[in-house]
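Trainee: Mind looking at a prediction? Sequence and model below.
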Amino acid sequence: MSSGYDPGTGFSRVINEIEETAIALLLAGMTIVTFINVVLRYGYNTGLIWGLELTTFLFAWLVLFGVTYTVKITANLGVDAVINLFSAPVRRVIALIAGAICIGYAFLVFKGAWDYWANFANLPQTTGRWFPTGFEEMKRSSFRGWYETVDIPHPAWLDWIEPLMNEGEEYEKIPRFIPYAILPFGMGLLLFRFIQAFVRIWKGTSTSLIVSHEAEDAVEDVKHMNAGD
């Protein structure tokens, strides 16, 4: 099964608690909004018109938080039948190569996520096709801070962002850069978690990026059921 995660320092424990709390709140939010919509639809023939869009965004946030969380606790499933044929030193080298590939992949996705989100937040995209070489020149014509979601209403307590992002114009719906912010944040966190996993393998405190011996653990779990045969 997964090897678990030891936060170690106090700061790491705080970050770990924030992550787990965020995942729980996102799941709870999806459940509550969906439940309310079902009650309104079948009980009162109405509903929250923005419910579906909100749960879609919450689910996207949950998925991206979940991806980084599984990397952190080494809970990703994988097939290790071939890897286990090699000796421990060779398996370590293979794990390091896999870790380096994952870091490279996460870096590319992080760059793409920033470039996609940047214009919605009135920020410059990066230059360079693969590796960021800097930031593009700011062009007001490319700003998309005025883009809104389809149905989610703009709450009054967010009015302070209107002069910053929308030249003082009122938002009727929540601006897209808010729910889309999970893209660079989630991919940046994923990159950080892969680097952490790579370091753990390098130091010898972990042996793999995936869960090992899933089949053996499952057999042990049900072994008592066949004890009388």
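Mentor: Sure thing, it's come through.
Trainee: My impression was that Ile174 belongs to a strand - is that right?
Mentor: Yes - assigned with DSSP: H, G, I helix; E, B strand; the rest coil, Ile174 falls within a strand.
Trainee: And stretch 79-90, end to end?
Mentor: Stretch 79-90 has an end-to-end distance of 16 Å (CA to CA, to the nearest Å).
Trainee: what separates Ala28 from Tyr171, distance-wise?
Mentor: Separation of Ala28 from Tyr171 (CB to CB, to the nearest Å): 26 Å. Heads up, the C-betas are built off the backbone N, CA and C, glycines and all.
Trainee: Which residue of the two possesses the greater neighbour count?
Mentor: Using other CB atoms under 10 Å, the more surrounded residue of Ala28 and Tyr171 is Tyr171, with 19 against 11.
Trainee: Correct me if wrong: the more buried one contacts Thr149.
Mentor: No - judged on CB atoms under 8 Å, Tyr171 makes no contact with Thr149 at a distance of 9.6 Å.
Trainee: anything in contact with each of these two?
Mentor: Counting by CB atoms under 8 Å, 6 or more residues apart in numbering, no residue touches both Tyr171 and Thr149.
Trainee: any idea where the helices of this structure begin and end?
Mentor: With DSSP state H, the ranges of helices along the chain come out as 10-44, 51-72, 88-118, 162-165, 177-180, 182-203, 214-222.
Trainee: Check the burial of Phe57 by counting its neighbours.
Mentor: Neighbours of Phe57 (other CB under 10 Å): 20.
Trainee: give the contact list for it.
Mentor: 149, 152, 179.
Trainee: Spatially nearest residue to the residue positioned nearest the centre of the chain, not counting backbone neighbours?
Mentor: Nearest to the geometric centre of the chain sits Leu64, at 1.9 Å (CA atoms, centre = their mean). Sequence neighbours aside, Gly186 is the residue nearest to Leu64 in space, at 3.3 Å (criterion: CB to CB, 6 or more residues apart in numbering).
Trainee: who touches that neighbour in this structure?
Mentor: 61, 64-65, 67-68, 113.
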